[in-house]
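# From the sequence below, what's the structure:
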Amino acid sequence: MNSPDDLSRKRAKLERCPPGHNGRAVALTSLAKALYDRFRREAAVADLEEAITLERVTLELRPSGHPGRGDSLNNLACGLLGRFHIYATMSDLEEAIELFREALLLRPPGHPDRPSSLCNLASCLSTRYDNRRVVTDLEESVMLGQVMLKLRPPGHPDRGMSLNSLACSLMKRFQKHAVIRDLEEAIKLHREALGLHPSGHPNRSTSLHNLALCLSNRYDHQGTVADLEEAAELGRAALQLRPPGHPDRGISLRHLACDLRRGFRKHAEMRDLDEAIELHRATLELHPSGHPDRSSSLHNLSICLLDRYDNQRVVADLEEAVTFGCAALALCPPNHPDHEANLGLVERTVKEVIHSVILTTLTAMPTRLLHTHSGILCDRDAQVSYFTRSQQYSQLLSSCTTCNPDQRMELIHTHVLKYFQYAMFSHRWGEGEPLLYDIDGQSIYDLSTKGGFGKLQAFCCTAYERDYLWAWSDTCCIDKDSSAEFQEAIGSMFVWYRQSALTIAYLSDISGTGSLGNSEWFSRGWTLQELLAPPIVLFYTENWSPYKNLTSSNHKTDVTVLEELERATGIDPQFLTNFSPGLENARSRLQWASLRRTTLPEDMAYSLFGIFNLYLPVLYGEYADGALGRLLAEIITRSRDISVLDWVGEASSFNSCFPAHVASYQSLPLPPPQLNAEELTSKINQQPVPSSTALQTLYRSLAELPLPRFLSRRIVLPCIAHRVTAIQLKTTDTDASSYSYEMQASGLKPLEITLPSELENATISRGILQLVRPWNSQLLGPPTKPYATAEEQLLSKLGKSFNALLLIELPSNQYKRIASSTLIAAHPVDSASVLQSEVKVLEIV
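The predicted structure is shown next:
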């Protein structure tokens with residue numbers, strides 16, 4: 001090691017040897033060598049530049065024939081080669097080669113320095129081949145390396161270096177000409193070099209890495225798995241010898257990652273691919289912006305992420321693959337040798353992203369759609385095909401390769417959603433409706449215009465005129481012979497209408513001057529969801545003109561039409577314009593459907609599944625009350641809403657607490673008495689102060705009740721029970737099947753009820769009837785003004801009229817509801833009777 005004092009002494013010595021002095025050349029060389037050594041330790045380029053300058057002067061002092069000229073040629077060439085490795089200036093490399101050639105001529109066979117000259121020249125020629133791809137350089141490098149190796153037989157201290165140099169040149173020649181014997185010889189030489197570089201040797205990591213690289217190449221050409229496994233093992237060993245901070249760590253990370261990816265593609269072991277991705281990420285961190293290998297690191301990481309997406313379909317991997325691929329492409333302009341590879345990768349990844357977004361989009365859409373321009377019925381593959389052949393797709397691909405990465409996904413979603421916007425058809429079925437097999441494989445525009453065919457054609461034309469490329473009709477876009485597809489369609493139809501860009505409602509029975517509310521469309525069961533679900537609806541009359549020739553883009557938001565819709569349906573405008581499917585206001589939703597009907601009785605319940613956001617099996621052939629019973633049971637199970645028990649009419653065979661028909665919900669439930677704040681306060685003040693203990697006991701009893709639930713066609717119903725103590729037949733109307741009774745029950749004022757059938761005398765005499773108030777502990781809540789406590793608020797609530805259920809006790813300790821012809825309005829006697837309420841949990845069949 002040359003200390004600063006040593007350099008100072010050498011400079012001083014040079015000063016003592018002015019030009020013309022016999023020792024000047026030696027002093028120049030000595031100082032140049034010291035500067036070059038310090039450059040190799042500290043990488044100070046100024047030292048290298050000064051060393052080169054000094055060696056040039058030295059070379060001038062040692063003309064041809066001078067005994068030291070060979071050393072000067074070699075020293076100057078080494079300095080120029082070092083500078084080439086910094087700046088990649090080809091003139092430095094060219095000059096170094098010429099100097100090494102001249103030095104070799106001065107070191108004929110037998111000269112002790114001939115092997116080093118051979119080695120230096122071979123190395124420079126190999127490097128020039130890497131930059132210029134002139135095959136003669138590579139061939140000469142191999143030839144020189146073979147000569148050099150013969151001069152360094154086994155046991156020679158530099159044999160390992162010569163083995164490595166020749167093996168690397170042979171490897172390059174193999175990559176050029178794919179002559180397998182070059183690769184086999186390179187592997188043999190690297191194995192020998194590795195044997196000369198045991199653990200602890202400074203060149204061991206290089207030997208491990210080079211041998212692994214050759215084995216990987218042989219695997220690529222011969223497919224021998226043992227080569228790949230050994231390459232990965234050697235790569236791991238090399239990486240361990242190149243810890244963070246080592247100048248060659250990035251190379252080891254990259255090659256090991258590539259071998260692991262090869263292993264994944266062979267064995268499909270995800271752990272190999274996961275590790276490769278992590279190694280490529282680590283490599284990328286070592287190649288920051290401006291690094292010459294950054295683009296290849298981005299490219300490799302993108303490929304691995306795309307592989308993982310292909311196997312696991314994690315969209316985040318795909319999005320990352322696109323981002324890294326585009327970043328790599330940005331670093332490789334059109335004239336860059338890697339431009340085409342990166343462009344191909346970006347196009348592939350962008351296509352995958354677009355395809356992923358398309359599939360996600362289509363999954364929420366009808367399986368089959370009519371292409372309104374061609375009139376062809378298309379499945380999802382055909383829909384994708386139309387898009388990938390469209391001008392919109394080409395424009396999207398081009399935009400995605402150049403746009404801001406943060407905007408790419410939004411751009412793709414926007415284009416895909418816009419292209420696949422679809423219109424839904426809502427209409428009253430008529431004679432001769434086209435089914436799937438009637439139109440499959442042919443354009444609807446080439447078919448007859450009779451019956452429903454003309455209506456379908458007019459619908460598609462209308463959708464196309466409004467710039468919608470896709471359309472759906474329930475007549476022909478479902479394979480009704482496939483029970484699975486039909487089940488899916490019934491369960492998905494509400495969502496399809498909700499996600500449509502437009503729903504066209506055709507009122508075939510309304511003329512240009514007719515009133516919308518007179519259409520039979522408003523009396524059909526399925527059209528309720530077709531009105532509520534879509535955000536945009538346009539009504540068309542019998543001649544396919546917009547209703548009242550209105551020009552508004554959405555009739556549901558047109559004030560005139562909205563008023564007519566409210567009158568025709570009895571639905572509040574807020575639900576017409578902004579409906580959310582779910583279990584809220586369950587009884588109101590049932591009431592909206594109570595005046596509607598369907599051709600198949602069970603369809604009445606099925607048409608409500610989407611409105612309640614429920615997905616239940618569609619079982620055609622079951623009784624209508626069974627379908628409705630399953631729906632009501634699910635509502636109670638999920639929401640605990642007991643308001644669905646407020647109905648009049650015929651009881652269901654599914655459960656006596658349920659009606660047989662949705663029509664039973666036409667009657668409005670008993671509204672609570674409305675008092676203003678002053679009247680309410682006055683009423684509270686007039687009530688006698690109840691026993692605090694009794695009220696708290698009642699509150700706890702009601703709070704501790706389980707929630708209502710439905711289990712095995714039985715309702716487990718928490719309630720407040722009032723045993724019937726007296727009952728007497730008042731009037732009879734046999735023609736109308738109406739029987740009126742006067743009734744008394746514990747804690748209630750006398751009341752009158754009307755039943756569709758006469759009670760048996762035994763039922764009356766045995767005292768097995770009860771009037772019950774269904775209860776849900778969720779009805780309890782914090783007090784609101786003017787109540788001081790939650791208990792007082794409860795007492796007030798229980799003191800009001802309520803809709804009671806009439807139950808009969810069965811021998812099995814179960815109960816059955818007796819259906820009534822009108823709602824049973826029950827009135828508690830007073831606060832004292834409320835406090836004596838009997839809290840029960842009854843099982844009703």
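# check which helix or strand covers A327.
For A327, the enclosing helix or strand under DSSP states H and E is helix 315-330.
# Quick one: name whatever helix or strand follows that helix.
helix 339-363.
# quick revisit: how about the helix holding A327: buried residues?
Buried residues in helix 315-330, counted by 16 or more other CB atoms under 10 Å: 317-329. Bear in mind the C-beta positions are built from the backbone N, C-alpha and C, glycine included.
# Convert stretch 291-307 to PDB, retaining C-alpha atoms only.
C-alpha atoms of stretch 291-307 as PDB (Å, rounded to 0.1, in the frame of the first residue of the first chain):
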ATOM      1  CA  HIS A 291     -28.300   2.800 -13.800                       C
ATOM      2  CA  PRO A 292     -27.600   1.100 -17.100                       C
ATOM      3  CA  ASP A 293     -29.200  -2.100 -16.000                       C
ATOM      4  CA  ARG A 294     -32.400  -0.600 -14.600                       C
ATOM      5  CA  SER A 295     -34.500  -1.300 -17.700                       C
ATOM      6  CA  SER A 296     -33.600  -5.000 -17.700                       C
ATOM      7  CA  SER A 297     -34.400  -5.200 -13.900                       C
ATOM      8  CA  LEU A 298     -37.800  -3.600 -14.500                       C
ATOM      9  CA  HIS A 299     -38.400  -6.000 -17.400                       C
ATOM     10  CA  ASN A 300     -37.500  -9.100 -15.500                       C
ATOM     11  CA  LEU A 301     -39.600  -8.200 -12.500                       C
ATOM     12  CA  SER A 302     -42.600  -7.400 -14.800                       C
ATOM     13  CA  ILE A 303     -42.300 -10.800 -16.400                       C
ATOM     14  CA  CYS A 304     -42.300 -12.600 -13.000                       C
ATOM     15  CA  LEU A 305     -45.300 -10.700 -11.800                       C
ATOM     16  CA  LEU A 306     -47.100 -11.500 -15.000                       C
ATOM     17  CA  ASP A 307     -46.300 -15.200 -14.400                       C
END
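# what's in contact with that stretch?
250, 254, 257-258, 261, 264-265, 273, 276-277, 280-281, 283-284, 287-288, 317-318, 320-322, 324-325, 327-328, 331-332, 338, 341-342, 345, 348-349, 352 (CB atoms under 8 Å, 6 or more residues apart in numbering).
# mind checking the end-to-end distance for stretch 532-540?
Counting by CA to CA, to the nearest Å, you get 17 Å between the two ends of stretch 532-540.
# which other residues reach it?
424, 426, 462, 494-495, 497-498, 500-507, 516, 531, 546-547, 553-556, 561, 571, 575-576, 579, 581, 610-611.
# Give me the distance from it to the chain's centre.
29 Å (CA atoms, centre = their mean, to the nearest Å).
# average pLDDT for it?
If you average the pLDDT over stretch 532-540, you get 97.
# just stretch 172-182 next, same as before
95.
# For that stretch, give me every contacting residue.
126, 129-130, 135, 138-139, 142, 170-171, 183, 186, 217-218, 221-222.
# same check, this time on stretch 72-80
With CB under 8 Å, 6+ apart, stretch 72-80 has contacts from 25, 29, 32-33, 36, 48, 51-52, 55-56, 58-59, 62, 92-93, 95-97, 99-100, 102-103, 106, 113, 116-117, 120, 124.
# buried subset of the residues you listed?
Buried among these by 16+ other CB under 10 Å: 25, 29, 32-33, 36, 48, 51-52, 55, 58-59, 62, 92-93, 95-97, 99-100, 102-103, 106, 116-117, 120, 124.
# which stretch of helix or strand covers the closest residue to L253 other than its chain neighbours?
Excluding the flanking residues, the one nearest L253 by CB to CB, 6 or more residues apart in numbering is T283, at 4.3 Å. According to DSSP H and E, T283 maps onto helix 270-286.
# Can I get that helix in CSV? Just the C-alpha atoms.
Extracted C-alpha coordinates of helix 270-286, given in CSV (Å, rounded to 0.1, in the frame of the first residue of the first chain):
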residue,chain,number,x,y,z
MET,A,270,-45.1,-21.0,-6.5
ARG,A,271,-42.4,-20.6,-3.8
ASP,A,272,-39.8,-20.5,-6.6
LEU,A,273,-41.6,-17.7,-8.4
ASP,A,274,-42.3,-15.8,-5.1
GLU,A,275,-38.6,-15.9,-4.3
ALA,A,276,-37.7,-14.8,-7.8
ILE,A,277,-39.9,-11.8,-7.5
GLU,A,278,-38.3,-10.8,-4.2
LEU,A,279,-34.8,-11.2,-5.7
HIS,A,280,-35.8,-9.1,-8.7
ARG,A,281,-37.2,-6.4,-6.3
ALA,A,282,-33.9,-6.4,-4.5
THR,A,283,-32.0,-6.1,-7.8
LEU,A,284,-34.2,-3.2,-8.8
GLU,A,285,-33.3,-1.4,-5.6
LEU,A,286,-29.6,-1.7,-6.5
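# what's the spacing between the very next helix or strand once past that helix and its chain's center?
Next helix or strand after helix 270-286 toward the C-terminus (DSSP H and E): helix 294-312. Here helix 294-312 is found 19 Å from its chain centre; the criterion is CA atoms, centre = their mean.
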